[in-house]
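Asks: When you get a sec, could you give me coordinates for this:
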Amino acid sequence: MFKPCVVVPVYNHEGAIGAVLAGLLRHDVPCILVDDGSGAACAQVLDALARQHPQRVTLVRLAHNQGKGAAVLRGFERAAQLGHSHVLQIDADGQHDTADVPRFLARAEAHPAAVIAGHPVYDASVPKARLYGRYATHVWVWINTLSFDIKDSMCGLRVYPVAAVTALASRRAIGTRMNFDTDILVRLYWDGLAVINLPTRVCYPADGVSHFRVWRDNALISWMHTLLFFGMLPRIPRLLARKWRGR
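Replies: Coordinates of the predicted model:
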């Protein structure tokens, strides 16, 4: 049975989360907001939103900031407890178009064993350094999967099968900060899941808050690519066989 929900990791996005949630609730999908140790101002906004929508919004709170990946995985835990089959992940800063939610969920329902991954279509607000910097990750992902099946591994709008993520997270650690999106997508691909890429409009960001820390997060991402590369090496025969079967 296809029973989706939305998971939104939130860290000090009190200026944007209200509009993001309003856009999501138009689609009649339950939402799990994960407060990743936000300050008092954001915590109060999240409490108010949960009170306003008690039947449609679940609020999960982390005692201290643990990173986007940790917050999303906590959201998956709650989604599994509530019996959801799929999670649509979306960022809290308003950069993603909530009007695309039905399109992503429809594709997930048609392909329930796949990951539906957003492929960004940027407007003029995207910082050029961020845009060009993504290509280094794209190249490493193509190397570490021996394929071009993943067009963009960093987009925060995607749909996952809950069971596949739960199984992966139970047997190995996944990046907990800005390395999460790429790390989990490559590892799910290694586990045999198909990745279906959907174009989606992206702007940067609605509330002017970015939690990307240049030195820390670039170091984490570089280390992640190193680990993935050495993890790919013993998987080469399987990845090549998969590529051959797909022809």
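Asks: So for the residue most central in space within the chain, what's the pLDDT?
Replies: Nearest to the geometric centre of the chain sits G156, at 4.1 Å (Cα atoms, centre = their mean). For G156, the pLDDT comes out at 93.
Asks: and what of the one 10 residues further on?
Replies: Confidence at T166, expressed as pLDDT, is 97.
Asks: what does Y132 give?
Replies: Looking at Y132, its pLDDT stands at 66.
Asks: what does F212 give?
Replies: 59.
Asks: Spit out the contact partners of the nearest residue to H53 once chain neighbours are set aside.
Replies: Spatial nearest neighbour of H53, excluding adjacent residues (Cβ to Cβ, 6 or more residues apart in numbering): L25 at 6.6 Å. In this view, the C-beta of every residue, glycine as well, is placed from N, C-alpha and C. L25 is in contact with C31, H53, R56, V57, counting by Cβ atoms under 8 Å, 6 or more residues apart in numbering.
Asks: what about the second one, neighbour count?
Replies: Read that as H53. H53 has 17 neighbouring residues, counting by other Cβ atoms under 10 Å.
Asks: And the first one, by the same measure?
Replies: Taking other Cβ under 10 Å as the neighbour definition, C31 ends up with a count of 23.
Asks: Okay, and the beta partners of the closest residue in space to it that isn't next to it in sequence?
Replies: Spatial nearest neighbour of C31, chain neighbours left out: V6 (4.5 Å); criterion: Cβ to Cβ, 6+ apart. Beta-bridge partners recorded for V6 (DSSP bridges): C31, L88.
Asks: Repeat that for the one 4 residues further on.
Replies: V10 forms beta bridges with D35, as assigned by DSSP bridges.
Asks: My guess is it contacts C42. True?
Replies: Yes - using Cβ atoms under 8 Å, V10 makes contact with C42 at a distance of 6.7 Å.
Asks: Who has more neighbours out of the two?
Replies: Neighbours per residue (other Cβ under 10 Å) separate V10 from C42, with V10 holding more: 29 against 21.
Asks: so what's that one up against?
Replies: By Cβ under 8 Å, 6+ apart, the neighbours of V10 are I17, L33, V34, D35, D36, S38, C42, L46, A71, A92.
Asks: Return the member of these nearest to L240.
Replies: The nearest member of these to L240, counting by Cβ to Cβ, is A71 at 35.6 Å.
Asks: residue contacts, the closest residue to the closest one other than its chain neighbours?
Replies: The shortest distance from A71 to any non-neighbouring residue, by Cβ to Cβ, 6+ apart, is to P9 (3.6 Å). Applying Cβ under 8 Å, 6+ apart, we find P9 in contact with V34, D36, K68, A71, V72, G75, Q89, D91, A92.
Asks: need these in CSV with neighbour count, can you?
Replies: Formatted as CSV, the contacts of P9 follow (neighbours: other Cβ atoms under 10 Å):
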residue, neighbour count
V34, 28
D36, 26
K68, 27
A71, 27
V72, 25
G75, 24
Q89, 25
D91, 22
A92, 32
